[in-house]
Structures are given as C-alpha cells and as structure tokens.
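Asker: using only what follows, build the 3D model:
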Amino acid sequence: MNRFYLISSFIVISGLLSLYSCDSSKTKEENPATDYSKTENWLSLPVNGSKNVDVFYVYPTAWYKIDPTEPNFCAVDHPMMQIGSQRAFDRQATAFETAGNIYAPYYRQADAGYTLSLPTDERWAVIDSIPAKDVIAAFDYYINNYNNEKPFILVGHSQGAQVLLILLSKYMSHHPDVYARMVCAYVIGYPVTTGYMNANPFLKFAEGADDTGVIVSYNTQSPSVAPGANIVMANDIGLVINPINWKRDQTPATAEESLGSYMPVDDQGRFGFTPHFADARINSAKGVIECSSVDENAMYQISGAMGPGVYHSFDISFYYYNLRENAQLRADCFLEK
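Answerer: Numbers count the residues shown, from 1 in each chain. Down below sits the predicted model:
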C-alpha cells in the first residue's frame, strides 16, 4: 500500500519540497505565540457550534525536515504540515465528530526525528517550547472566544498528546474553572506515567467507560516488541486503559468485541470501516496495549517508520469506533450531572 497517507510521526508529502521554517536560533521569548485571532491559523473552526459539547483536537507530527540543516521547528503555515494535519484530522479527529464541535489549531511543530533522538527530559523541553506555547495560546483563545462555557473534550495524538500533557499540567492547574468543564482528555500515542500523575495530583486517570474529568491514554504495539524497543515509549511505562472493554486490568478484548477500525481500504490510501480487525490487551509490565490480531508484517509495510510491531500510526484508527462511542458516552454522562 502507498505510504503517502500515513499519519505517523513521519508523514511524507511527495513532491513537496518548499522549505518553510521558523528560526530555531531564536529564544522562546523572541518567538511569540501564533496569533489565533486569525482564522487562517485554525485547521478546524466551526461556523456554527450547534452541539452541546466541543472537541479541541491537537494533531500528531505532520512535518519533518527534508534537509538536516533546516531548523527543528516548522512555520505554522508550512504546506507539508498543513496537508499532513488535514490527513490526520480526517483519520483521527472525525472519530469524535459525533460527540462535539471540533476546534483544531495549526501549531508550529518540532521535527520528530530530532525530538525522538533526545533523552526524555530534553524531549519535554523541546515540546514545551514552541509547540506547547502555540497550543496553549490557541486553547486560551478558544476558551475566551469560542467555547461559551460549554463542556469540552481534549484529543491529541503523538506530539499532539505530549503537548496536551503540558496544557493539562500548566493551564488547567491555573484555571480550575475551565478544568471543571473537561469531559475527558484522550491523550493517545504518548505515555502518561505515574510520575506525571503524581506531579499533577489534581488530574485523574480513567478507571472505566463513563467517568468524566479524566485522562484516557494508551500506546499500541505487537506482543513481539521488546521493552525499550518502542521509540515513542522509550523506557517509560504508561498508564493504560483498554479502548475496547474500558478496563484497567489485563482482561483481553477480542477483535470480535470491537466496534470496528478505520483502516486503509484500497491502494489509494482511502480509509473506511473495517470490522473485527484489532483486539486489545493491556501489558502492565510494558505499559502498553498489545494487539495480536493484525498482521505485523503487513502493518510494517504500511507504516514502518517506528519499527516492526509498533502500531503508533494506528493508535486511533485501530479503535476508532470504540473511541467514537466512548466520547459520546462520557459527554452524555457529563451533561447528565
């Protein structure tokens, strides 16, 4: 299958060689946040937010450096990133479109190859600079200008998930009135560790299918992936909830129990409903979801950027329809309070 459509951390936009970039030599103070009063800086901005709940979506890495001499951050209007983020939106954010009005800002991203090569502490410092500055500014603008005190769902994947962890830690701790309206934060494709939760004791991790004000998180891989071999996880052990049966223990959920995946259905990279595709079982020792029902070699041919058996690109796609149902359930439970 064509790798063009992938929404992994190394989305490839063939033929797109124009080099839009930020000046990474500037300090954070010299790089002010993107201006989110400008509609062109939004990937998705509903004209009529008619639903009772909003969704604030932060896409995964949609840009990478073509030339190693390029800066480590891209511009907010970089064509590769804007095309890649739309593809990610179509295959991830749409899982949540039935639950709420989807707002999604463009934001300046860090190069994944550079970031993932760093030790964990340095990764956080990179993401906590320009990417988090933009997303927090976008979220604050959304809260003050578009939200109208509605409940909201946060959704982020990969780099977008890590940015959400920074937003949760920094913004919500200073805005408890806003945090009180959070239905759920789907922080998928980056580990949420016990250390992170201990450092932010006001946050809660999900314990079931219908609790609210909580974080939902998992990372997906094959049982064959050795500890430390998943570059996204590094040596972290994430807290996990099963996205099919919504349990925290190691009770397996079969592919037959799944509501369906959203997977490539042709050689042109079009996605569609795929029934009984992905199972899910928590491996507590590794802190991941293990999926054993898919063809590991076939998945590697489709998306091998992270290595054999690492299903990072499909964290949301594998469990797309279960996530859709769950977001609606949590939203309904929140509104009933």
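Asker: the helices in the stretch 201-337 of the chain, which residues?
Answerer: For the stretch 201-337 of the chain, applying DSSP state H, counting those that start in this stretch gives helices covering 296-302, 320-336.
Asker: swap in the stretch 1-150 of the chain?
Answerer: Under DSSP H, counting those that start in this stretch, the stretch 1-150 of the chain gives helices at 79-91, 112-116, 120-127, 130-145.
Asker: can you get me a residue count around the closest residue to Ser37 other than its chain neighbours?
Answerer: Counting by Cβ to Cβ, 6 or more residues apart in numbering, Ser37 lies nearest to Tyr141, which is 6.7 Å off, once chain neighbours are set aside. Where C-beta positions appear, they are placed from N, C-alpha and C, glycine not excepted. Burial measure for Tyr141: 20 neighbouring residues, criterion other Cβ atoms under 10 Å.
Asker: cool, Ala226 as well?
Answerer: Ala226 has 8 nearby residues by other Cβ under 10 Å.
Asker: cool, and Pro32?
Answerer: Burial measure for Pro32: 11 neighbouring residues, criterion other Cβ under 10 Å.
Asker: same question, Asn297
Answerer: A count of nearby residues for Asn297, using other Cβ under 10 Å, gives 10.
Asker: per-residue confidence for it?
Answerer: Per-residue confidence for Asn297 comes out at a pLDDT of 90.
Asker: how close does it get to Pro308?
Answerer: With distances taken as Cβ to Cβ, to the nearest Å, Asn297 is found 8 Å from Pro308.
Asker: one step back: in CSV, list the helices of the stretch 201-337 of the chain along with distance to Ser313.
Answerer: What follows is these, written out as CSV (distance: least, Cβ to Cβ, whole Å):
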stretch, distance to Ser313
helix 296-302, 8
helix 320-336, 13
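Asker: between those, which one is closest to Ala75.
Answerer: Ranking the helices of the stretch 201-337 of the chain by their distance to Ala75 (criterion: Cβ to Cβ) puts helix 296-302 first, at 29.3 Å.
Asker: only alpha carbons, please: show that closest one as PDB.
Answerer: Extracted C-alpha coordinates of helix 296-302, given in PDB (Å, rounded to 0.1, in the frame of the first residue of the first chain):
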ATOM      1  CA  GLU A 296       2.600  -7.400  11.900                       C
ATOM      2  CA  ASN A 297       4.400  -7.700   8.600                       C
ATOM      3  CA  ALA A 298       1.600  -6.100   6.700                       C
ATOM      4  CA  MET A 299       1.400  -3.200   9.200                       C
ATOM      5  CA  TYR A 300       5.100  -2.700   8.800                       C
ATOM      6  CA  GLN A 301       4.800  -2.400   5.100                       C
ATOM      7  CA  ILE A 302       2.100   0.200   5.500                       C
END
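Asker: could you say what helices and strands it packs with?
Answerer: Applying 3 or more Cβ pairs under 8 Å, 6 or more residues apart in numbering; DSSP states H and E, we find helix 296-302 packed against no helix or strand.
Asker: can you tell me which of the helices of the stretch 201-337 of the chain comes nearest to Pro105?
Answerer: The closest of those to Pro105 is helix 320-336. By Cβ to Cβ, the value is 19.5 Å.
Asker: please state the offset of that closest one from the chain centre?
Answerer: Average the C-alpha atoms of helix 320-336, do the same for its chain, and the two points are 17 Å apart (Cα atoms, centre = their mean, to the nearest Å).
Asker: tilt between it and helix 79-91?
Answerer: Using axes from the mean of the first three to the mean of the last three Cα atoms, to 10 degrees, the direction of helix 320-336 lies 80 degrees away from that of helix 79-91.
Asker: got a list of contacts for the lowest-mean-pLDDT helix or strand in the chain?
Answerer: Comparing helices and strands within the chain by mean pLDDT, DSSP states H and E singles out helix 112-116 as the least confident, with a mean of 86. Taking contacts as Cβ atoms under 8 Å, 6 or more residues apart in numbering, the residues outside helix 112-116 that touch it are 9-10, 61, 64-65, 72, 123, 126-127, 158-159, 231-232.
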